[in-house]
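Enquirer: the following block contains a protein sequence and its predicted model.
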Amino acid sequence: MKVVFAIDSMKGCLTSMECGKAAAQGLLRAIPDAEYEVRPLADGGEGTVQAVTTGCGGTFKQVNVVNPLGKTISATYGIIENPNKTAIIEISAAAGLTLIPAVDRDPFKTTTYGVGQMILDAINEGCRHFIIGLGGSATNDAGIGMLQALGASFYDSAGHLLTGDKGFLTGGDLEFVSRVTPDNFKSALSECTFRIACDVDNPLFGERGASKIFGPQKGLFDSEIIAADKWMENFASVAKTALHRDVDPNAPGCGAAGGLGFAFKYFLGGELESGNKIVIDETNLKKYISEADIVVTGEGMLDAQTAMGKAPVGIAHIAKVFNKPVIALVGSVSASFDGDKLPDVDAYFPIVRRPITLEQSMEPSTARINIAATAEQIFRLLNI
């Protein structure tokens, strides 16, 4: 028997690889001579750098960058040694909402400059292929901070160079952007490819745009939302002039991460894709699944969102293309989960074995024991 374990991380508890290794322990207790592969699984959000870098035998690099408010912090990204030398970056490492206290959240004062610094560092390390995870940003600057760090120049209506009060541009500086010249981009950027993990389809501006949908959670108030939305609309026009081609601010994902999706798509030529698909492609997961007898996936919470296309459902769908049985291990099942069947999943099993608190169940040592024990019983049954 050959088993592939591709389990999403259990947030706040275990990484994807830790979940898979725990389940593999249970397999070997039941079937000592079983073959198995533990593969990373992530959706482009939190945990993607850890999962993909570790799962692909990469290394981690720490670099000093500015956080959303300009304070110097250490951010980590992954490097995978392959023909393209790939950098795995989560923008939240430099521009994340969790990096600043709630009381200090103000998208007019926050920047994506640190994201650009991470990209530059990876380029200096020889990376020419990038996987970028969008999500969890504290910013609403349409990516001008990142683009500034990469060498773009921004000017106001009088032709004055905009540099920002602290040496970097913020969401508030969008008001004054009248012209942008990407001519001074680092030359190596032309050699780079960007796959952008983006699982929201919001446009840059409008009723479903970055400012109106995501602005409130980042600290924008009603009048500020209206103003920021207009600045986003103006920036789309400025970008069209600068790039000498049509841009579509309504393209799905342009509003992701406060407009970073737009900047990546049009200024850096990035492809906005499903995070699940990117991780599956980059880790060659289809090959492993095609060679397996059984596929085990899972995640921390089984709920209505799972059935709407989260990572485990993506894995299950691929497995069914190859006619493989699929089992899911889940930390718990939401009371609101409607239905006993998941798309393409043959059976799912909650791992908690006795009444305990949520905090107790999320202790890493407890979760490892529970995953291994549940997997062991499943494979004992399958080995009859």
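Expert: Cool, got the structure. Numbers count the residues shown, from 1 in each chain.
Enquirer: D43 and V279 touch, don't they?
Expert: Yes: the pair D43 and V279 passes the contact test of Cβ atoms under 8 Å, sitting 7.1 Å apart. (C-beta placed from N, C-alpha, C; glycine too.)
Enquirer: so for the two, which sits in the more crowded spot?
Expert: Ranked by neighbour count (other Cβ atoms under 10 Å), D43 and V279 place V279 first, with 31 against 26.
Enquirer: any idea how far V49 is from that one?
Expert: Plainly put, V279 is 11 Å away from V49 if you go by Cβ to Cβ, to the nearest Å.
Enquirer: strands of the stretch 251-384 of the chain, start to end?
Expert: Assigned by DSSP state E, counting those that start in this stretch, the stretch 251-384 of the chain shows strands spanning 271-273, 294-302, 326-333, 347-350.
Enquirer: any shared contact partners between D43 and V279?
Expert: Common neighbours of D43 and V279, using Cβ atoms under 8 Å, 6 or more residues apart in numbering, are A197, A311.
Enquirer: report the residue spans of the stretch 151-300 of the chain with pLDDT below the cut-off.
Expert: Judged by pLDDT under 70, the stretch 151-300 of the chain has no weakly predicted residues.
Enquirer: any idea how many residues pack against the closest residue to D344 other than its chain neighbours?
Expert: Nearest residue to D344, sequence neighbours excluded (Cβ to Cβ, 6 or more residues apart in numbering): A316, at 3.7 Å. Neighbour count of A316, defined by other Cβ under 10 Å: 24.
Enquirer: quick check: A316 touching P343?
Expert: Yes: contact criterion Cβ under 8 Å: A316 and P343 qualify, at 6.6 Å.
Enquirer: give the buried residues for the biggest helix by length in the chain.
Expert: Longest helix of the chain, by residue count under DSSP state H: helix 222-243. Of all the residues in helix 222-243, those buried under the rule 16 or more other Cβ atoms under 10 Å are 224-225, 227-229, 231-232, 234-236, 238-239, 242.
Enquirer: report how many residues lie close to the closest residue to K2 other than its chain neighbours.
Expert: If you skip the residues right next to it in sequence, K2 has E35 as its closest partner in space, 4.2 Å away by Cβ to Cβ, 6+ apart. With neighbours defined by other Cβ under 10 Å, the count for E35 comes to 13.
Enquirer: give the contact list for E35.
Expert: Counting by Cβ under 8 Å, 6+ apart, E35 makes contact with M1, K2, V3.
Enquirer: in the sheet, who's paired with Y348?
Expert: Going by DSSP bridges, Y348 is paired in beta bridges with A328.
Enquirer: that one and G270, how far apart?
Expert: From Y348 to G270 the distance is 35 Å (Cβ to Cβ).
Enquirer: quick one on the thing from earlier: mind checking pLDDT for the residue nearest to K2?
Expert: Taken from the predicted model, the pLDDT recorded for E35 is 97.
Enquirer: distance check, it against R380.
Expert: Going from E35 to R380 by Cβ to Cβ gives 17 Å.
Enquirer: same question for E291.
Expert: According to Cβ to Cβ, E291 and R380 sit 23 Å apart.
Enquirer: equivalent analysis for V247, please.
Expert: On the measure of Cβ to Cβ, V247 and R380 end up 57 Å apart.
Enquirer: tell me which of the two has more neighbours.
Expert: More crowded of V247 and R380, by other Cβ under 10 Å: V247, with 21 against 14.
Enquirer: doesn't F235 make contact with that one?
Expert: No: using Cβ under 8 Å, V247 is not in contact with F235; the gap is 9.9 Å.
Enquirer: coming back round to it: against A138, how distant is the residue nearest to D344?
Expert: As judged by Cβ to Cβ, A316 and A138 stand 34 Å apart.
Enquirer: what is the neighbour count of the spatially closest residue to P107 that is not a sequence neighbour?
Expert: Nearest residue to P107, sequence neighbours excluded (Cβ to Cβ, 6+ apart): N140, at 3.6 Å. Using other Cβ under 10 Å, N140 is surrounded by 32 other residues.
Enquirer: cool, A102 as well?
Expert: Neighbour count for A102, taken as other Cβ under 10 Å: 8.
Enquirer: check what pLDDT it gets.
Expert: Here, the pLDDT recorded for A102 equals 89.
Enquirer: quick check on it: phi, psi?
Expert: Per-residue torsions, A102: phi -60, psi -40 (degrees, to the nearest 10).
Enquirer: all helices for the stretch 101-250 of the chain, in order.
Expert: 113-124, 144-149, 210-218, 222-243 (DSSP state H, counting those that start in this stretch).
Enquirer: burial of G167, as a residue count?
Expert: The tally of other residues near G167 (other Cβ under 10 Å) stands at 11.
Enquirer: show me what contacts the closest residue to it other than its chain neighbours?
Expert: Nearest non-adjacent residue to G167, counting by Cβ to Cβ, 6+ apart: G70, 7.9 Å away. Residues in contact with G70 (Cβ under 8 Å, 6+ apart) are T111, Y113, K166, G167, F168.
Enquirer: are we agreed that G70 is in a helix?
Expert: No: G70 sits outside any helix when classified using DSSP: H, G, I helix; E, B strand; the rest coil, being coil.
Enquirer: which of the three states applies to the nearest residue to V38 once chain neighbours are set aside?
Expert: With sequence-adjacent residues excluded and distances taken as Cβ to Cβ, 6+ apart, V38 is closest to G20, at 3.6 Å. Secondary structure, three-state DSSP: G20 is helix.
Enquirer: run through the residues that contact G20.
Expert: So G20 contacts F5, A6, I7, V38, R39, P40, V296 (Cβ under 8 Å, 6+ apart).
Enquirer: got the phi and psi for the fifth one?
Expert: Listed backbone geometry of R39 is phi -120, psi 150, with angles given as degrees, to the nearest 10.
Enquirer: next, count neighbours for the nearest residue to it once chain neighbours are set aside.
Expert: Distances taken as Cβ to Cβ, 6+ apart place A6 nearest to R39, at 4.7 Å, with adjacent residues excluded. Neighbour count of A6, defined by other Cβ under 10 Å: 32.
Enquirer: cool, thanks, talk later.
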